[in-house]
Structure formats: structure tokens, C-alpha cells
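Q: The sequence and its predicted three-dimensional model are supplied below.
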Amino acid sequence: MQREESTASLRRARLALGLGVFLGTVYVLYRLTITPDLFGLDFEIYRAAAVDLHTGQEVYGRSPVGVPNLTYRYPIILLAVFSLYLLIPPVVGFALHLAGTILVSVILGLAIARVTESHGIRLSNLDRGLICAFIAISPISVPSLVFGNINHQIALCFGLGLIWLEQNLQHRAGVALGLAALPKVFPAAVGVWLVYRRKWYAILLAIATGVGALAGGIVLFGWTHTQRYFVEELLPRGTANAASGGLSPSSLYVTLQRPLTAMFADASGTLLTVMALVLVAPVVAYAYLYSEGPLQRLIALLTTLCAILLVIPSYTMYFVLLSYPLIPLLYLLSGWPGRIFTGGVVLMQFTLKLHDAGMLVRLLGFPAWGTEVMLESLRVFYTLGTPVLWGTVAVLIAGIWQIHSN
């Protein structure tokens with residue numbers, strides 16, 4: 001019976017990973033057909049910001065590509081890396097950036113496969129290939145590949161940091177997690193998990209890595225750029241009430257604040273954040289309370305990461321940060337928790353926005369009244385949530401069910 005369950009878990013994992021790779025490939029083809037001009041957009045921003053830096057123009061508070069809201073949002077020290085792309089033509093630079101993104105996906109995938117096997121699961125080369133490909137081009141990660149974002153690189157630092165933390169290699173974990181939090185800050189919220197695990201050395205090294213990087217930016221490029229980074233980018237992001245006044249059904253955000261805004265339309269962004277925290281805190285606390293064994297710790301860690309992404313309004317491309325421990329749990333969970341978990345992961349791959357879903361409905365060629373009914377149903381559905389949101393909720397339910405059933 002146990003062998004049958006293990007075989008079923010293996011098949012489910014392959015199905016979910018394979019579907020993710022397939023849908024991610026479809027996404028690339030869709031973008032090539034509909035919006036080929038968006039390829040490399042984020043990479044273009046990084047490169048243009050590096051040009052601004054070296055030509056004495058303002059880096060922060062303006063768009064380096066002349067499009068409002070498309071600004072450079074990272075600490076100035078990272079432009080030391082992006083500046084290297086100025087030595088080669090933009091097309092060659094983007095190609096190298098893509099190659100690097102695929103490389104870090106493979107490195108993270110192989111590390112995750114090794115961790116999964118340490119739990120007694122025997123993986124084939126097919127599984128390793130699916131894991132690496134899923135990290136690189138599943139729908140929750142492929143936009144970063146297409147736009148030339150650095151979420152895969154962040155995911156590598158984040159995943160390796162968390163793996164090393166479990167292996168009690170705190171010096172490596174601290175540096176890796178500090179680097180992961182440097183560009184987009186919110187990954188630093190995983191510090192809740194580090195505090196719970198009492199990994200004080202890792203915490204100190206993570207803080208030192210972040211502060212050291214900021215100090216390095218000041219030494220290399222002067223205080224003004226770092227000051228403007230805080231004033232123009234970091235502080236406005238931290239205080240913005242993204243869901244205040246309600247989220248539009250067409251909003252790109254994945255967050256528990258979406259259904260909450262439908263019920264409490266007049267609530268402020270701060271109140272919505274508090275309510276979202278109230279919803280996830282008991283789930284996280286329960287997972288922490290029963291996190292004695294290796295499997296339970298993986299579930300507790302995933303619960304922490306999902307809670308962070310559901311409380312903070314997040315884009316679907318940030319969900320690549322869940323690769324570890326999401327993928328190992330895809331292989332490890334069995335029975336009904338495993339089925340629900342796999343269903344949640346599958347649901348997370350349907351990253352269609354309202355506009356895209358509506359366009360697909362129109363392409364189906366239903367009668368006018370049928371099309372209108374389906375479009376209105378989609379508007380209601382996206383007002384209350386998105387497939388990624390409900391898939392993440394399903395993953396949380398499955399994890400808590402697994403803990404409770406032990």
C-alpha cells in the first residue's frame with residue numbers, strides 16, 4: 001500500500017510539473033505572438049539605469065526608459081553588475097541574461113532534487129529535468145524569463161539559503177538570504193522562520209550582508225543615490241496601500257486582500273493588511289506548533305512563505321520563490337493531502353489575468369448570450385480571487401491536513 005502511494009505521489013508530481021512546463025511554453029508563444037515588444041523590458045530598464053548612472057543622470061525618481069512607473073527599483077550597488085552589460089550589444093546582453101537565468105534555474109533545480117532524494121524519494125533524470133524546467137519556465141516563473149527580470153536569481157539565493165539553513169550551515173544561509181532580500185526586500189520577512197528556528201548567526205549574517213551591500217553602494221557611487229533609493233523607491237513601496245479602495249478584477253495582484261476588499265470595500269490598505277494577517281497567523285502558528293520532523297518543517301516553511309505572499313500584494317512571478325520547499329512536498333505528500341496539494345499546484349499554474357481569460361472565452365465562439373454570461377462569471381470570480389490565490393490556499397490546506405493526520 002505504501003509503495004502504491006509513493007508511486008501515485010510520483011505520478012502526481014510529474015503531472016503537475018509537466019503541466020507547468022507545457023503552460024509556460026504556451027505563455028512564451030503567446031507573448032511572442034501578441035506582445036513581442038515586451039521581451040526583455042525589465043532587462044532594458046536595468047541596462048538603461050546603468051547608462052543613467054554612468055552619464056551622471058538621476059537613477060531614481062524617473063523612468064530610465066521614459067515610461068511612467070517603469071523605474072529602476074533596486075539598491076544602487078546592483079548597477080555594478082548590470083553595468084557589465086554595457087560592454088556588449090543589448091541583444092547579446094539579453095541573450096546572456098536569459099542563459100544565466102536558465103543556468104541558475106538548473107542549479108536550484110538540481111539542489112532541490114538532491115534535497116528531495118534525501119527524504120527517501122528516488123528521482124529519475126526525467127524528474128530532475130522536469131524540476132529544472134518547471135523552475136525556469138512554469139507560468140509562475142516564465143514572465144521573469146520573458147521580461148528579463150532577476151526573480152530566478154533571487155529564487156536561487158533564497159532556495160539555497162533555506163536549504164543550507166535546514167542543513168545548519170548558517171554562515172552560507174545568512175549570506176544567501178541576505179542577498180535574496182537585497183533587491184526586493186520582502187523576502188526578508190522569512191526572518192520570522194529564522195527567529196522561530198533560533199538561527200541567530202544566520203540572522204546576523206543576513207543583516208550584515210544587506211547592510212554591507214548598501215554600504216558598498218555608498219562607497220562606489222556616493223551617498224546621494226542610496227538616499228534617493230530609500231526616498232523615491234523603498235519607502236513609497238512600503239507605505240503604499242495597493243488594495244485601498246478595493247482591487248479591480250483586472251488587478252495583477254495575488255493577495256488575500258482581494259476577497260477582503262470585496263467584503264470590506266471601504267477598508268484602508270492598513271486594515272486590509274491586518275485582516276489578512278489575522279487570517280494566516282493561526283495557520284502559520286499551527287504549522288510551527290507541530291514542526292518537529294523534517295517533513296513537518298518543510299510544511300511549516302512553505303506555510304510561512306505562502307503567508308508572506310498572500311498578505312503582501314504580490315505578482316505571480318514572485319511565486320518562483322516557493323520552489324523550495326514546494327517541489328519537494330509535491331513528491332513527499334501522499335493520500336488526500338497529496339491530492340489536494342497537487343491540485344493546488346496545478347491551479348497555481350493558471351496565471352491568466354481577467355483580460356486574457358476573457359479573450360479566450362471570446363475565441364471559443366459561443367452565442368452572444370453565453371459569452372456574456374461567462375464573461376460576467378469571470379468578473380465575479382476575479383473580484384473574489386484568482387486561480388493562483390486559490391491554488392495557494394489549497395496548498396496551505398493540504399499542508400495543515402498532512403500535519404494534523406500525523
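A: Thanks, I have it. Residues are numbered from 1 along each chain as shown.

Q: Please enumerate the helices of the stretch 101-250 of the chain.
A: 125-137, 142-147, 151-166, 170-184, 191-196, 200-221, 223-228, 235-239 (DSSP state H, counting those that start in this stretch).

Q: Does anything pack onto the fourth one? Which helices or strands?
A: Put plainly, it is helix 170-184. When contacts are defined as 3 or more C-beta pairs under 8 Å, 6 or more residues apart in numbering; DSSP states H and E, helix 170-184 sits against helix 151-166, helix 200-221. Just so you know, the C-beta spots here come from the backbone N, C-alpha and C atoms, and that holds for glycine as well.

Q: right, and the helix or strand after the biggest helix by length in the chain?
A: Longest helix of the chain, by residue count under DSSP state H: helix 2-34. Using DSSP states H and E, the helix or strand that follows helix 2-34 in sequence is helix 41-54.

Q: Skip the chain neighbours and tell me the closest residue to residue 253.
A: Nearest residue to residue 253, sequence neighbours excluded (C-beta to C-beta, 6 or more residues apart in numbering): residue 313, at 4.0 Å.

Q: The residue nearest to residue 15 when sequence neighbours are not counted and residue 398, how far apart?
A: The spatially closest residue to residue 15, leaving aside those adjacent along the chain, is residue 342, at 7.2 Å (C-beta to C-beta, 6+ apart). Separation of residue 342 from residue 398 (C-beta to C-beta, to the nearest Å) stands at 8 Å.

Q: do the same with residue 7
A: Per C-beta to C-beta, residue 7 is found 19 Å from residue 398.

Q: and those two? which has more neighbours close in?
A: Taking other C-beta atoms under 10 Å, residue 7 and residue 398 do not tie; residue 398 has more neighbours (25 against 10).

Q: Going by neighbour count, list what's buried in the one helix or strand that one maps to.
A: For residue 398, the element it lies in under DSSP H and E is helix 387-405. For helix 387-405, burial by neighbour count (16 or more other C-beta atoms under 10 Å) applies to 387-396, 398-403.

Q: out of the residues you listed, which one sits closest to residue 47?
A: Residue 47 has its nearest neighbour among the buried residues of helix 387-405 in residue 388, at 29.6 Å by C-beta to C-beta.

Q: Residue 348 is in contact with the closest one, correct?
A: Yes - counting by C-beta atoms under 8 Å, residue 388 does reach residue 348; the two are 5.1 Å apart.

Q: Mutual contacts of those two, please.
A: In the contact map built from C-beta atoms under 8 Å, 6 or more residues apart in numbering, the residues linked to both residue 388 and residue 348 are 140, 319.

Q: circling back: most tightly surrounded among the helices and strands packed on helix 170-184?
A: helix 151-166 (a mean of 24; mean count of other C-beta atoms under 10 Å).

Q: what about residue 175, how many neighbours?
A: By the criterion of other C-beta under 10 Å, residue 175 has 20 neighbours.

Q: Identify the residues contacting it.
A: 161, 205, 206, 209.

Q: Make TSV out of those and add distance to residue 57 and pLDDT.
A: Output for these, formatted as TSV (distance: C-beta to C-beta, whole Å; pLDDT from 0 to 100):
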residue	distance to residue 57	pLDDT
161	35	98
205	35	98
206	33	97
209	29	97
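
Q: For these, please prepare TSV with the additional fields distance to residue 46.
A: Formatted as TSV, the contacts of residue 175 follow (distance: C-beta to C-beta, whole Å):
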residue	distance to residue 46
161	23
205	27
206	24
209	21
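
Q: Tell me the one of those residues nearest residue 179?
A: Of all the contacts of residue 175, residue 209 has the smallest distance to residue 179: 6.1 Å, by C-beta to C-beta.

Q: I'd assumed residue 178 was in contact with that closest one.
A: Yes - with contact defined as C-beta under 8 Å, residue 209 counts as touching residue 178 (2.8 Å).
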